[in-house]
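A.B. asks: sequence-free structure coming up:
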């Protein structure tokens, strides 16, 4: 049982963490810190927090756990702001979608508190936003990856693990570089591909003076496959800008590898290599089938 | 009202056309032609066809309309087989996902019957297959694109238009090159991207000796965005091999353009151009929002 939990950034991610821990009976008092008065009021009404912080020093006083749940681009600044008020027993964790940059920020701004800092990433949908979308069951059955520093104490890792488990999540650990590489492949690259395809179809095909298109928008002829493929292109541009820039090294390596694979397929088409094309498509379908089987 | 409709290839597409026309009271007698006895029996039981053809000559005798609904790679061969038995008043149409290759096959194999040939593409989901998946409402609200030849008669176009409208579809016309370009962008390219991503994540990231991955499969950390993005990678490899090869010129141009756009984004990441990245993502989200609004 935690006596005092502080959530900095009470949106979908922070608000759902608060609601889940409250539902699990794991926390007595939750303090929210945020910039939008309207959103904080909403969090209060929904029971995600008990109190809107007046100022950072009093909010952090006697805190057992602080969750940093702002967009990833703001985490460095937040760490700098909270560091003067951290107490020796307070555990700090975050919910950022990238981890190497968060770890770098922690080395810069939380140097004296690394023992108590547990970088974490709950992998849960984020198309909705704000405290109004918070959901006590958001993390049920979802993965949460912890990427502890060498300096992080085993006790801090254990406590953060137990909190996420109380939310119903599967918790695993790896290092920050592994995390960023895996997420670049399974999440950041697909988002980039979807955003680009949406733009590609909406704009670039219209600008070919030699081959005028049907006056109708090509999108008129897009079906349900296109709709599902581009669903993630409906995600927050600001959030994904931050994620892609924060993880640009790993993401760029994924883009390079993917470009090579795309070029190889184009070559197969050019040489009319029906067998090779079918082999690629078949192995993809099989991989997806296995994945869905293992998932369920 | 059609007296005799012949469906060659009574799978999802052909079977659904038959069921829809029957439901609309537009056809008296439907004859099915197909290779799999089991599937044809299924089509008969489901009421999609009244009769399994014994041989092609008697099946085509006195036919008003013939729908070619086999995989696109087989259409040329089918045209060659049916052409000796076509009668002057019989209208031939197809349901192939690509059109320039179908038009080329028609010029080769149906030279004497071009007046009565109406190339068509019903844009409707095809993840299920076989007569068992046929559905009288599959085409309701869906687009059907006709790409008539210069030689096709207005009367043949009108008749095929009315049949598809009776199935509940929106019918439009364009030329085969426009069709193939638009479909390359909104359908064939996304399928290629999804198949490749599935392979990329399943295989290529595992083969980096310098940077060993977490022992867990990276797919363990893929979420619902990845699942939707790759849904179309569950499609039939044979069907998509045929489509990609049949439309390889238009598809290759789309791949080239997309690769340039991907390279441009990678450059923006390299120079940390936060504004440019956000602009791309924002315009993509807006384009998708507008599309969904116009669609509904």
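C.D. replies: Received the coordinates, thanks. What you are looking at is a predicted structure, and each value in this text was computed from that prediction instead of being measured. Residues are numbered from 1 along each chain as shown, chains lettered A, B, ... in the order given.
A.B. asks: now do the contacts for residue A:60.
C.D. replies: Residues near residue A:60 by C-beta atoms under 8 Å, 6 or more residues apart in numbering or on different chains: A:6, A:66, A:82, A:85-87, A:90. The way it works is simple: take the backbone N, C-alpha and C, and place the C-beta from them, glycine included.
A.B. asks: ok, it to chain B distance?
C.D. replies: In this view, residue A:60 and chain B are 30 Å apart by C-beta to the nearest C-beta, to the nearest Å.
A.B. asks: ok, now residue A:139?
C.D. replies: In terms of C-beta to the nearest C-beta, residue A:139 sits 12 Å off from chain B.
A.B. asks: residue A:161 contacts residue A:171, correct?
C.D. replies: Yes - using C-beta atoms under 8 Å, residue A:161 is in contact with residue A:171, at 4.8 Å.
A.B. asks: what do those two both touch?
C.D. replies: Shared contacts of residue A:161 and residue A:171, counting by C-beta under 8 Å, 6+ apart, come down to residue A:146.
A.B. asks: assign the most centrally placed residue in chain A to helix, strand or coil.
C.D. replies: Centre of chain A computed as the mean C-alpha position; nearest residue by C-alpha atoms, centre = their mean is residue A:97, 3.3 Å away. Three-state assignment for residue A:97 (DSSP: H, G, I helix; E, B strand; the rest coil): coil.
A.B. asks: isn't it up against residue A:120?
C.D. replies: No - the criterion here is C-beta under 8 Å, and residue A:97 misses it with residue A:120 at 10.8 Å.
A.B. asks: now do the SS call for residue A:171.
C.D. replies: Applying three-state DSSP: residue A:171 is strand.
A.B. asks: neighbours around it, how many?
C.D. replies: Look at residue A:171: counted by other C-beta atoms under 10 Å in any protein chain shown, it has 18 neighbours.
A.B. asks: and it, how far is that from chain B?
C.D. replies: Residue A:171 is 12 Å from chain B, where distance means C-beta to the nearest C-beta.
A.B. asks: pretty sure that residue is touching residue A:159, no?
C.D. replies: No - using C-beta under 8 Å, residue A:171 is not in contact with residue A:159, being 11.6 Å away.
A.B. asks: how many residues are close by the closest residue to residue A:52 other than its chain neighbours?
C.D. replies: Of all residues not flanking residue A:52 in the chain, residue A:40 sits nearest, at 4.6 Å (C-beta to C-beta, 6 or more residues apart in numbering or on different chains). Residue neighbour count, defined by other C-beta under 10 Å, stands at 20 for residue A:40.
A.B. asks: wait, residue A:40 sits on residue A:32?
C.D. replies: Yes - contact criterion C-beta under 8 Å: residue A:40 and residue A:32 qualify, at 5.6 Å.
A.B. asks: just say helix, strand or coil for residue A:285.
C.D. replies: Once three-state DSSP is applied, residue A:285 turns out helix.
A.B. asks: could you pull out the helices in chain A for me?
C.D. replies: Along chain A, the stretches classed as helices by DSSP state H are A:12-23, A:37-45, A:56-60, A:75-82, A:100-109, A:154-166, A:176-183, A:189-202, A:224-229, A:237-246, A:248-270, A:274-295.
A.B. asks: can you put those in CSV and add mean pLDDT?
C.D. replies: Converted to CSV, those look like this (pLDDT from 0 to 100):
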stretch, mean pLDDT
helix A:12-23, 97
helix A:37-45, 96
helix A:56-60, 96
helix A:75-82, 97
helix A:100-109, 97
helix A:154-166, 98
helix A:176-183, 96
helix A:189-202, 96
helix A:224-229, 93
helix A:237-246, 94
helix A:248-270, 97
helix A:274-295, 94
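A.B. asks: how about the residues of the stretch 51-200 of chain A near chain B?
C.D. replies: Listed as neighbours of chain B in the stretch 51-200 of chain A under the rule C-beta under 8 Å from any C-beta of the partner chain: A:123-125, A:142-143, A:145, A:172, A:174, A:177-178, A:181-183, A:185-187, A:189-200.
A.B. asks: which of those residues are buried?
C.D. replies: Among those, those buried by neighbour count (16 or more other C-beta atoms under 10 Å in any protein chain shown) are A:123-124, A:142-143, A:145, A:174, A:178, A:181-183, A:185-187, A:189-200.
A.B. asks: about what we covered before: tell me, what's touching residue A:40 and residue A:32 both at once?
C.D. replies: With C-beta under 8 Å, 6+ apart as the test, residue A:40 and residue A:32 both reach A:10, A:49, A:52.
A.B. asks: the residues you listed in strands, which ones?
C.D. replies: residue A:52 (DSSP state E).
A.B. asks: quick check, residue A:44 in contact with residue A:52.
C.D. replies: Yes - in this structure, residue A:44 is within contact of residue A:52 by C-beta under 8 Å, at 6.1 Å.
A.B. asks: any residues in contact with both of these two?
C.D. replies: Common neighbours of residue A:44 and residue A:52 (C-beta under 8 Å, 6+ apart) are residue A:32.
A.B. asks: still on that earlier bit, which non-adjacent residue is nearest the residue nearest to the centre of chain A?
C.D. replies: Using C-beta to C-beta, 6+ apart, the closest residue to residue A:97 is residue A:243 (4.9 Å).
A.B. asks: residue A:176 against residue A:146, yeah?
C.D. replies: No - under the criterion of C-beta under 8 Å, residue A:176 is not in contact with residue A:146, lying 10.1 Å apart.
A.B. asks: tell me, how many residues neighbour residue A:46?
C.D. replies: 18.
A.B. asks: with residue A:107 instead?
C.D. replies: Considering only other C-beta under 10 Å, residue A:107 is surrounded by 12 other residues.
A.B. asks: which residues touch it?
C.D. replies: residue A:114.
A.B. asks: would you mind measuring from it to residue A:157?
C.D. replies: Distance of residue A:107 to residue A:157, given as C-beta to C-beta, to the nearest Å: 18 Å.
A.B. asks: before we move on, what about residue A:59?
C.D. replies: 24 Å.
A.B. asks: ok, now residue A:124?
C.D. replies: Distance from residue A:124 to residue A:157, by C-beta to C-beta: 20 Å.
A.B. asks: repeat for residue A:65
C.D. replies: In terms of C-beta to C-beta, residue A:65 sits 13 Å off from residue A:157.
A.B. asks: those two - which one has more neighbours?
C.D. replies: More crowded of residue A:65 and residue A:157, by other C-beta under 10 Å: residue A:65, with 23 against 19.
A.B. asks: confidence score at the closest residue to residue A:223 other than its chain neighbours?
C.D. replies: Closest residue to residue A:223 apart from its sequence neighbours, by C-beta to C-beta, 6+ apart: residue B:123 at 5.3 Å. Listed pLDDT for residue B:123 reads 93.
A.B. asks: and residue B:123, bridged to which residues?
C.D. replies: Beta-bridge pairing for residue B:123 (DSSP bridges): residue B:143.
A.B. asks: show the contacting residues for it.
C.D. replies: Per C-beta under 8 Å, 6+ apart, neighbours of residue B:123: A:221, A:223, B:142-145, B:183, B:187.
A.B. asks: next one: residue A:119
C.D. replies: Counting by C-beta under 8 Å, 6+ apart, residue A:119 has contacts A:93-94, A:96, A:99, A:102-103, A:106, A:146-149, A:176.
A.B. asks: and it, how far is that from residue A:59?
C.D. replies: Separation of residue A:119 from residue A:59 (C-beta to C-beta) stands at 21 Å.
A.B. asks: again with residue A:35
C.D. replies: Taken as C-beta to C-beta, the span from residue A:35 to residue A:59 is 14 Å.
A.B. asks: who has more neighbours out of the two?
C.D. replies: residue A:59 (21 against 9).
A.B. asks: the more buried one touches residue A:34, doesn't it?
C.D. replies: No - the pair residue A:59 / residue A:34 is not scored as a contact, 10.7 Å apart, by C-beta under 8 Å.
A.B. asks: just put the helices of chain A in a markdown table and tack on distance to residue B:248.
C.D. replies: A markdown table is the format used below for those (distance: least, C-beta to C-beta, whole Å):
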| stretch | distance to residue B:248 |
| --- | --- |
| helix A:12-23 | 43 |
| helix A:37-45 | 51 |
| helix A:56-60 | 60 |
| helix A:75-82 | 46 |
| helix A:100-109 | 40 |
| helix A:154-166 | 48 |
| helix A:176-183 | 33 |
| helix A:189-202 | 18 |
| helix A:224-229 | 19 |
| helix A:237-246 | 31 |
| helix A:248-270 | 4 |
| helix A:274-295 | 9 |
